[in-house]
Every structure is written in C-alpha cells, then in structure tokens.
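Trainee: The following comprises the amino acid sequence and a computationally predicted model.
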Amino acid sequence: MLTALALIAGAVFLWRRGERQRPSLMAILAAVMITNVVIWSLPNTDGQTLTTAAQP
C-alpha cells in the first residue's frame with residue numbers, strides 16, 4: 001500500500017512537470033496494486049478472506 005501511495009505521489013509530481021505517459025502508467029500500476037489488496041482482503045460467502053484461506 002505504501003508503494004501504491006508513492007506511485008500516486010510520483011505520478012502527480014510528473015504530471016505537473018508536463019509528462020504524460022509515465023505518470024499514466026504509474027497510476028495504472030498503483031490501481032492494479034490497490035485492486036489486488038482489495039481482492040485479498042474481501043471476505044467470501046463463508047466469511048473467510050483469501051489471506052486466511054491461504055494460511056496452512
């Protein structure tokens with residue numbers, strides 16, 4: 001999550017400097033990372049998350 005926040009901050013910084021391609025890619029990567037965290041954190045119908053189900 002900290003990496004996603006750093007990517008968003010870097011994307012905003014670069015966007016203000018006039019770049020367009022790299023900040024867009026950084027924002028997409030941050031969105032993918034945040035989506036992965038959400039997927040692993042949401043409970044299923046049994047009330048378990050993927051994180052708890054993956055533990056031995």
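Mentor: Nice, thanks for sending it over. Numbers count the residues shown, from 1 in each chain.
Trainee: neighbours around residue 16, how many?
Mentor: Neighbour count for residue 16, taken as other Cβ atoms under 10 Å: 9. Quick note: C-beta positions are derived from backbone N, CA and C, even for glycine.
Trainee: so what's it scoring on pLDDT?
Mentor: Looking at residue 16, its pLDDT is 97.
Trainee: For residue 19, see how far away residue 36 is.
Mentor: Using Cβ to Cβ, to the nearest Å, we find residue 36 at a distance of 26 Å from residue 19.
Trainee: My error: substitute residue 43 in the last question.
Mentor: According to Cβ to Cβ, residue 43 and residue 19 sit 40 Å apart.
Trainee: Compare the two (neighbour count), which wins?
Mentor: Taking other Cβ under 10 Å, residue 43 and residue 19 do not tie; residue 19 has more neighbours (13 against 10).
Trainee: tell me the SS of the more buried one?
Mentor: With DSSP: H, G, I helix; E, B strand; the rest coil as the basis, residue 19 sits in coil.
Trainee: Quick check: the gap between it and residue 10.
Mentor: 11 Å.
Trainee: so is residue 46 in a helix, a strand, or just coil?
Mentor: With three-state DSSP as the criterion, residue 46 reads coil.
Trainee: Any idea how many residues pack against it?
Mentor: Neighbour count for residue 46, taken as other Cβ under 10 Å: 7.
Trainee: Per-residue pLDDT of it, please?
Mentor: For residue 46, pLDDT reads 83.
Trainee: and it, what are its phi and psi?
Mentor: According to degrees, to the nearest 10, the main-chain angles of residue 46 amount to phi -80, psi -10.
Trainee: residue contacts, the residue nearest to residue 15 when sequence neighbours are not counted?
Mentor: Closest residue in space to residue 15, ignoring its immediate chain neighbours: residue 23 at 4.3 Å, by Cβ to Cβ, 6 or more residues apart in numbering. Going by Cβ atoms under 8 Å, 6 or more residues apart in numbering, residue 23 touches 10-12, 14-15.
Trainee: Report pLDDT for residue 23.
Mentor: Reported pLDDT at residue 23 in the predicted model: 97.
Trainee: which SSE is it in?
Mentor: helix 21-41 (DSSP states H and E).
Trainee: Fine, thanks again, bye for now.
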